[in-house]
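Engineer: Here is a sequence with its predicted model. Questions after.
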Amino acid sequence: MSDASTITPVFVRLKLSLLRNGLRQSSGRRVAYIASAVLTLLFAALQLIGLIALRGHEHAASVVILLVAVLALGWAVMPLFFPSGDETLDPTRLVMLPLRPRPLVGALLAASLVGIGPLFTLCLLTGSVIAVAHGTAAYVVGVLGTVLGLLVCVALARAVAAANIRLLTSRKGRDLAVLSGLVIAVGAQVVNFGAQRLGSAGLGQLDPAADVLSWVPPASAISATDAASEGSYGVAVLQLALTAGALAALIAVWARHLTRLMTEPDGSTLQSPDTAVRQSTGLGRLLPAGRTGTVMERSLRYIWRDPKTKAAWVTSLAIGLIVPVFNAVQGTGSVYFACFAAGMLGIQMYNQFGQDTSAFWMVAMTISSTRDAYVELRARAFALLVITLPYATLVTAVTAAILGAWARLPETLGLSFALLGAMLATGAWSSARFPYSIPQEGHKNVAPGQVGLAWISIFGGMVAAALLCAPVIALTIWLNISADGDSWSWLLLPTGAAYGTALTALGLRLAAPRTATRLPEILTAVSKG
């Protein structure tokens, strides 16, 4: 049963059965699969037509080489974010069968060629070959390059999945799935930025990167076709050999991980006593003593461990950097866009008790006075500031460096600190007045029936924070239009910092009594998810 020629048809039929049975589970899943298949194939057809139209263009080789490199990158990272998209990616389901890793690799590689992804890749590689191939020898090399390129992409995905399958099936793997939307959004921004640069500067900018990637598999397989078209048969053979060597190396790595998965126990969830001691004392030693340090440590651990909280923070961190920096790089931004980072991170202060869900009862049991509520809210604000203050400063400095507006750095930092203080103040009050539950399962961030509360809490708080910052904004405008305002603009940094600190202290003082008197209502609201 372990011979590759014997088990390969079995695994191909198994893959087809999994696809067929998955479509039979529900009509909704069937419709979603068919719609995604139609859209993918339509996009593949458009890509194929576009690549064929690129034939004869001066920079066609550079375009297709970079395209194949990006395609391979997609094959490498997709298993990390969508481990449940293909049931056959998990080889641990086969550990009870009498199979040896080497034949199993061949069978799984053949089964991996069944699906929409491989078909899309085949269309793109075929179009790439047609775009650069000229002459019989080039087409022969192109056919070999297409086959090798497709196998390298599939083997790369399998090797990555096998190496990380313990992680992908754990809680951290689910965290990666939650963050997949963010990665796609950031990637879309990068692609959009690159497309704009190419539209203004031309495809010639791709040549230096393509020269390097032409020796990186599987892009080297397509580059071999271009080399054969130019009569450089030695280079073409070398690039094909490099791709074949990469395929052999990936299969060897894949086989080694398969052997380890099928012969060693799973120790990914075990923790040594020494590690547990380090985790319980390392962070705590850096934080204040008493309730403040305990609450700060709990909040920071929520950010690191809770999938929903982590996704919200990473999204805010990424968008807070992308908006000012990308606009600055494109030459359409302003240094004041850096305040966007403080605004995005300040949102995390809203609905502080929602992340606790029904476990808020343990927090409520420790609050017996207004003072306790004040210390609780203050510690949560401190935990947010540990990340927000250095990050907002970094984003502002980077934006100023790109724009060459170092003279505006102090006033921009002052505005950011004032805005952050205003959002901490309004966030503390909104957390006590408009709490709502965050469901732990699924992709919804608001429990049914509480959408209105979320809108009032976040958007009402943001408008209030902007109004609270009006004095600092007015002072900034006055200094910019004043004749000698530039010599005094540096005062906006300490002024904004002091103003933000005062707003935060006032907001916490006002929110503490309301929190202490509304503990039952808060617990009911955050327990609905």
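Structural biologist: Sure thing, it's come through. Numbering: from 1, shown residues only.

Engineer: can I have the helix or strand hosting Leu73 written out in CSV, keeping just the CAs?
Structural biologist: When elements are assigned from DSSP states H and E, Leu73 belongs to helix 60-81. The C-alpha trace of helix 60-81 is given here as CSV (Å, rounded to 0.1, in the frame of the first residue of the first chain):
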residue,chain,number,x,y,z
ALA,A,60,7.4,41.8,-21.1
ALA,A,61,10.0,39.5,-19.5
SER,A,62,10.3,41.8,-16.4
VAL,A,63,6.5,41.8,-15.9
VAL,A,64,6.0,38.1,-16.1
ILE,A,65,9.0,37.3,-13.9
LEU,A,66,7.8,39.5,-11.2
LEU,A,67,4.2,38.2,-11.6
VAL,A,68,5.4,34.6,-11.2
ALA,A,69,7.5,35.6,-8.1
VAL,A,70,4.4,37.2,-6.5
LEU,A,71,2.4,34.1,-7.4
ALA,A,72,4.9,31.9,-5.6
LEU,A,73,4.8,34.2,-2.6
GLY,A,74,1.0,33.8,-2.5
TRP,A,75,1.3,30.0,-2.6
ALA,A,76,3.8,30.2,0.3
VAL,A,77,1.7,32.4,2.6
MET,A,78,-1.8,31.2,1.9
PRO,A,79,-1.6,28.0,4.0
LEU,A,80,-0.6,30.1,7.0
PHE,A,81,-3.8,32.2,6.8
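
Engineer: following that helix, which helix or strand shows up next?
Structural biologist: The C-terminal neighbour of helix 60-81 among helices and strands, as given by DSSP H and E, is helix 101-112.

Engineer: circling back: which helices and strands does the helix holding Leu73 pack with?
Structural biologist: Using 3 or more CB pairs under 8 Å, 6 or more residues apart in numbering; DSSP states H and E as the contact test, the elements touching helix 60-81 are helix 116-132, helix 136-168, helix 171-201, helix 207-213, helix 219-229. Just so you know, the C-beta spots here come from the backbone N, C-alpha and C atoms, and that holds for glycine as well.

Engineer: Pick out the shakiest of those helices, pLDDT-wise.
Structural biologist: Note on those: lowest mean pLDDT is at helix 171-201, with a mean of 57.

Engineer: you'd agree Leu16 is up against Val114?
Structural biologist: Yes: counting by CB atoms under 8 Å, Val114 is a contact partner of Leu16 at 6.4 Å.

Engineer: Show me which of those two is the more surrounded one.
Structural biologist: Val114 (18 against 13; other CB atoms under 10 Å).

Engineer: From Cys123, how far off is Ala45?
Structural biologist: In this view, Ala45 and Cys123 are 7 Å apart by CB to CB, to the nearest Å.

Engineer: more neighbours, those two?
Structural biologist: Shown here are Ala45 and Cys123; by other CB under 10 Å, Cys123 has more neighbours (19 against 13).

Engineer: In contact with the more buried one, which residues are there?
Structural biologist: For Cys123, the contact set (CB atoms under 8 Å, 6 or more residues apart in numbering) comprises Ala44, Ala45, Gln47, Leu48.

Engineer: show me what contacts Tyr336?
Structural biologist: Contact analysis of Tyr336 by CB under 8 Å, 6+ apart lists Arg408, Thr412, Leu415.

Engineer: residues in contact with the residue lying closest to Met296 once chain neighbours are set aside?
Structural biologist: Nearest residue to Met296, sequence neighbours excluded (CB to CB, 6 or more residues apart in numbering): Ala383, at 4.4 Å. Counting by CB under 8 Å, 6+ apart, Ala383 touches Val295, Met296, Ser299, Leu300, Ile303.
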